[in-house]
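J.: here is my input; please provide its structure:
(one chain, ligands or ions: 1)
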Amino acid sequence: MGKKQNEIQKTGLGRALVKQHNQMIQQSKDKSRFYRKKFLESFTEVSDIDAVVEQSLEPLPELAAAASTTLISLEPGSVPDETTTPEEARKQQKQEEALHASSLRVPRRPPWTPDMSADELNASETQAFLTWRRSLARLEENKKLVLTPFEKNLDIWRQLWRVVERSDLLVMVVDSRDPLFYRCPDLEAYAREVDEHKRTLLLVNKADLLPASIREKWAEYFRAHDILFIFWSAKAATAALEGKKLGSSWEDDNMGRTNSPDTKIYGRDELLARLQSEAEEIVDRRRNSGSSEAGPSNIKSPAENTAGSSSSSNVVVGFVGYPNVGKSSTINALVGQKRTGVTSTPGKTKHFQTLIISDELTLCDCPGLVFPSFSSSRYEMIACGVLPIDRMTEQRESVQVVADRVPRHVIEEIYKIRLPKPKSYESQSRPPLASELLRAYCTSRGYVASSGLPDETRAARQMLKDYIDGKLPHYQMPPGASDEEQALEEPAGHDSVDLDASDSSAIEDASDVESELAPNLEHVLVDLNSFDMANGLAPKNTTTVKKPKASHKHHHKKPQRKKDRSWRAGKAGNEDADGMPVARFFQKPANTGPLKVG
Ligand SMILES: Nc1nc2c(ncn2[C@@H]2O[C@H](COP(=O)(O)OP(=O)(O)OP(=O)(O)O)[C@@H](O)[C@H]2O)c(=O)[nH]1
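T.: Prediction:
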């Protein structure tokens, strides 16, 4: 048989068949690579240089080889010295962060001209990107620093470059509960490098989750640091558009009725007007300074060539920000109808989109991306909604962030649970331990895993979701606030926050259990004490533990909202001259007529 095959292969026909077979295999490999590249995936957790190289350097094997020899360790992490206390380690970390703050840069787009070929452009951008990756990889090797799992997909940064270049005014959307965590000062610097007249405005979203007194404090801070800012709530604006109320008294005080323009939460029309006027000022300044309003046709360098793509009568406002800060919700509220999908899973918007609000104003929405920044830990990133909860493996560490930030009595009040008090030899003001919180929560809800142990994973996911969605109130004070101020302003249950409960689908089943269990707190406490980690619930107490609800309860969740991807269907006509994917559609002024898709 083998001999026969050899004979066939020796013939011309045999060789042709083998060749054809090999070609087919090669073609199918190429095809699968093509389809893979079509999807723009966010790489935040790549610790393996091969993955980065494969994505960004596919056409440039020689660069890939160079990269894999130069980048040694990409695994973020800090290994504290065994002899240092946590406080000392934190202090050292802060000192080190201050020392290296200037190295935390967003990648710059290298100079380009329209007559460059797609390959030339790609090679130049890839080379610059790789240099940037190398510099950050060096920072990551410093064990005293923890870097955010910043975006490592060149294609996503390309989207950002485009948005920065075309915008007159750049709007950085941040979560009001910790605005500085989501602010990227180097992006502001980059925008000014691209064109000295560009300005960045901090859109402090989710301001419905922030009491007016805290907004006051942040406003002071922003003013003192010369930061242009606006408090905004996409959620409140959307509710107003739909003729609904958020359902609490704060709305009367906050929605455009506060005297101070600095602390009030802007309404939709006010925001649109303010964005337009800020952008027009920029265009005027540029015009008066004699800078060219160069469009992509006469590009010489980024600075010469990317001074906004506005014409004299139309200004462009770009929206950038971390995943999950509410860019899509904001755009939807501004456009006046659902155009971009909204979910609580970070990292869903993948391509930037252009929305023409009126003849005078165009908005540009960039995919959310994690900027390079220092972070206390990756658990903080999960709790901040930047990394998806689904990928969480260390639930206790992430829940500890929640336990540290939400006052004990607030957690008890919201979840209707009683947490074990600190032991007499412990500090009486210490926050609850994640293990205590998780066990109390599991006990009160009857969350038991198939192993018989408390289902901490389920409990942790629910708590983190509540924390991100605002059911568990929390917020950071501006740097420099005294301890007394911090104590005075600590979140107080839901006095200032009364969100539409319909948003928290998974909370529904928990609240059922809450009301049923409320009178049995003593029993819950007994259960807490008798929780045996090795064997699950002690048998004598099983009567007090509520059995998990029948599984139909969990299937009864509201259907998950899906991102509207319809805008992706169209491909840019003349806008992808530099090889970038662009989805574009035109939007008439809100509620004034049907949508024209271009
Ligand atoms: N309370 C409150 N929640 C908000 C507000 N704006 C957005 N959210 C919620 O925040 C989550 C994320 O909102 P998105 O608009 O999808 O965020 P995004 O920045 O577009 O996210 P990516 O697509 O990942 O870039 C959703 O659960 C929203 O309901 C707000 O003003 N207040």
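
J.: show the contacting residues for the residue in the stretch 51-200 of the chain that the ligand sits nearest to.
T.: Proximity of the stretch 51-200 of the chain to the ligand (Cβ to the nearest ligand atom) peaks at V173, 6.4 Å away. Placement of C-beta: from N, CA and C, glycine included. Residues near V173 by Cβ atoms under 8 Å, 6 or more residues apart in numbering: 182, 203, 205, 319-321, 325-327, 330.

J.: now intersect those with the helices, please.
T.: In helices, judged by DSSP state H, the following of those are found: 182, 327, 330.

J.: if you count neighbours, what's buried in the helix or strand encompassing S277?
T.: In the assignment (DSSP states H and E), S277 maps to helix 268-288. By neighbour count on 16 or more other Cβ atoms under 10 Å, the buried set for helix 268-288 is 268, 270-272, 274-276, 278-280, 282-283, 286.

J.: can you redo the residues you listed as a markdown table with pLDDT?
T.: Formatted as a markdown table, the buried residues of helix 268-288 follow (pLDDT from 0 to 100):
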| residue | pLDDT |
| --- | --- |
| R268 | 93 |
| E270 | 94 |
| L271 | 96 |
| L272 | 96 |
| R274 | 96 |
| L275 | 96 |
| Q276 | 96 |
| E278 | 96 |
| A279 | 96 |
| E280 | 95 |
| I282 | 95 |
| V283 | 93 |
| R286 | 91 |
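
J.: now do the helix holding S277: which elements does it pack against?
T.: Counting contacts by 3 or more Cβ pairs under 8 Å, 6 or more residues apart in numbering; DSSP states H and E, helix 268-288 packs against strand 169-175, strand 199-205, strand 229-232, helix 234-241, strand 315-321, helix 327-335, strand 361-365.

J.: which among those is found nearest to D119?
T.: Each of the helices and strands packed on helix 268-288 has some distance to D119 by Cβ to Cβ; the shortest is strand 361-365, at 26.8 Å.

J.: between strand 169-175 and that closest one, find me the angle.
T.: 50 degrees (axes from the mean of the first three to the mean of the last three Cα atoms, to 10 degrees).

J.: please parse the protein into its domains.
T.: Split into domains by the TED database, the chain comes to 147-288+313-365, 378-469.

J.: let me have these in a markdown table, adding distance to W112 as columns.
T.: Listed next are the domains of the chain as a markdown table, based on distance: least, Cβ to Cβ, whole Å:
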| stretch | distance to W112 |
| --- | --- |
| domain 147-288+313-365 | 10 |
| domain 378-469 | 30 |
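
J.: please identify the most buried of those domains.
T.: domain 147-288+313-365 (a mean of 21; mean count of other Cβ atoms under 10 Å).

J.: flag every buried residue along stretch 118-131.
T.: Quick answer for stretch 118-131 (16+ other Cβ under 10 Å): 121-123, 125-126, 128-130.

J.: what average pLDDT does the host helix or strand of R158 get?
T.: Here R158 sits within helix 154-166, counting by DSSP H and E. For helix 154-166, mean pLDDT rounds to 93.

J.: now for it, which elements pack on it?
T.: By 3+ Cβ pairs under 8 Å, 6+ apart, helix 154-166 packs against helix 49-56, helix 118-140, helix 185-194, strand 315-321, strand 361-365.

J.: hmm, that helix in reach of the ligand?
T.: No: judged by Cβ under 6 Å from any ligand atom, helix 154-166 makes no contact with the ligand; its nearest approach is 10.6 Å.

J.: quick one, that helix and strand 315-321 angle?
T.: 150 degrees.

J.: now helix 154-166 against strand 199-205, angle please.
T.: Using the same axes, to 10 degrees: helix 154-166 against strand 199-205 is 120 degrees.

J.: what does the stretch 151-300 of the chain have sitting close to the ligand?
T.: 205-206, 208-209, 233-235.

J.: picking that back up, now the helices and strands packed on helix 154-166 in CSV, with mean pLDDT?
T.: CSV is the format used below for the helices and strands packed on helix 154-166 (pLDDT from 0 to 100):
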stretch, mean pLDDT
helix 49-56, 49
helix 118-140, 92
helix 185-194, 95
strand 315-321, 95
strand 361-365, 92
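
J.: tell me which of these lies nearest to S213.
T.: Nearest of the helices and strands packed on helix 154-166 (Cβ to Cβ): strand 315-321, 25.1 Å.

J.: quick one: low-confidence parts of the stretch 251-400 of the chain?
T.: 251-259, 291-312, 337-351 (pLDDT under 70).

J.: can you count the residues close to the residue in the stretch 251-400 of the chain positioned nearest to the ligand?
T.: Nearest residue of the stretch 251-400 of the chain to the ligand, counting by Cβ to the nearest ligand atom: G368, 2.6 Å away. Using other Cβ atoms under 10 Å, G368 has 25 other residues around it.

J.: measure it to S176 for me?
T.: Separation of G368 from S176 (Cβ to Cβ, to the nearest Å): 16 Å.

J.: returning to what we had before: got the helices and strands packed on helix 268-288 as TSV, with distance to A189 columns?
T.: Listed next are the helices and strands packed on helix 268-288 as TSV, based on distance: least, Cβ to Cβ, whole Å:
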stretch	distance to A189
strand 169-175	11
strand 199-205	9
strand 229-232	17
helix 234-241	27
strand 315-321	14
helix 327-335	21
strand 361-365	20
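
J.: ok, which of those comes nearest R378?
T.: Closest among the helices and strands packed on helix 268-288, once you apply Cβ to Cβ, is strand 169-175, at 17.5 Å.

J.: what lines up beside the closest one in the sheet?
T.: strand 199-205 (parallel), strand 315-321 (parallel) (DSSP bridges).

J.: nearest to L437, of those strands?
T.: When these are compared by Cβ to Cβ, strand 199-205 sits nearest L437, at 27.9 Å.

J.: quick one: residues in contact with that closest one.
T.: Contacts for strand 199-205 (Cβ under 8 Å, 6+ apart): 169-176, 179, 183, 187-188, 191, 218, 222, 227-234, 275, 278, 282, 319, 325-326, 329-330.

J.: need the next SSE after that strand, C-terminal direction.
T.: Following strand 199-205 in sequence, per DSSP H and E, is helix 212-224.

J.: any idea how far the ligand is from I414?
T.: 15 Å (Cβ to the nearest ligand atom, to the nearest Å).

J.: excluding chain neighbours, what is closest to that residue?
T.: Nearest residue to I414, sequence neighbours excluded (Cβ to Cβ, 6 or more residues apart in numbering): L472, at 6.1 Å.

J.: three-state assignment of the one you found?
T.: Under DSSP: H, G, I helix; E, B strand; the rest coil, L472 falls in the coil class.

J.: surely it meets E413?
T.: No: the criterion here is Cβ atoms under 8 Å, and L472 misses it with E413 at 10.4 Å.

J.: tell me which residues touch the closest residue to A237 other than its chain neighbours, please.
T.: Spatial nearest neighbour of A237, chain neighbours left out: A333 (4.0 Å); criterion: Cβ to Cβ, 6+ apart. Counting by Cβ under 8 Å, 6+ apart, A333 touches 234, 237-238, 241, 268.
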